[in-house]
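Asker: no FASTA, just this:
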């Protein structure tokens, strides 16, 4: 999919920036497993997509630049 977008943007002379999907995660894979297990033990499981597992302020800052 990314390759298709690269070609489209190049053809249209668009200077695009690509951000990897895991660039703004709070934890690496192993630490996320641990954080999730701890949250389940407390009875409040965290989501991979929620603020507990992501750096939304940094992601927002990227779009403000």
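Answerer: Perfect, thanks for sending it. Source: prediction; values computed, not measured.

Asker: Next, count neighbours for residue 26.
Answerer: Number of residues near residue 26 (other Cβ atoms under 10 Å) recorded here: 15. Just so you know, the C-beta spots here come from the backbone N, C-alpha and C atoms, and that holds for glycine as well.

Asker: Surely it touches residue 52?
Answerer: Yes. If you go by Cβ atoms under 8 Å, residue 26 and residue 52 touch, sitting 7.3 Å apart.

Asker: what does the helix or strand bottoming out on mean pLDDT in the chain rub up against?
Answerer: The weakest-scoring helix or strand in the chain, judged by mean pLDDT, DSSP states H and E, is helix 56-64 (a mean of 91). Outside helix 56-64, the residues that touch it by Cβ atoms under 8 Å, 6 or more residues apart in numbering are 19, 23-24.

Asker: Buried residues in the host helix or strand of residue 33, which are they?
Answerer: In the assignment (DSSP states H and E), residue 33 maps to helix 29-41. Under the neighbour-count criterion of 16 or more other Cβ atoms under 10 Å, helix 29-41 has 32, 36 buried.

Asker: ok, back up a step: which of the contacts of helix 56-64 sits closest to residue 47?
Answerer: Proximity of the contacts of helix 56-64 to residue 47 (Cβ to Cβ) peaks at residue 24, which lies at 14.6 Å.

Asker: what number of residues lie near the closest one?
Answerer: Residues lying near residue 24 (other Cβ under 10 Å) number 17.

Asker: How about residue 54?
Answerer: Count around residue 54 with other Cβ under 10 Å applied: 17.

Asker: Over to it: give its phi and psi.
Answerer: Note on residue 54: its backbone torsions stand at phi -130, psi 160 [degrees, to the nearest 10].

Asker: Use 17 as the first number from now on
Answerer: Sure, I'll start numbering at 17, so the last one becomes residue 70.
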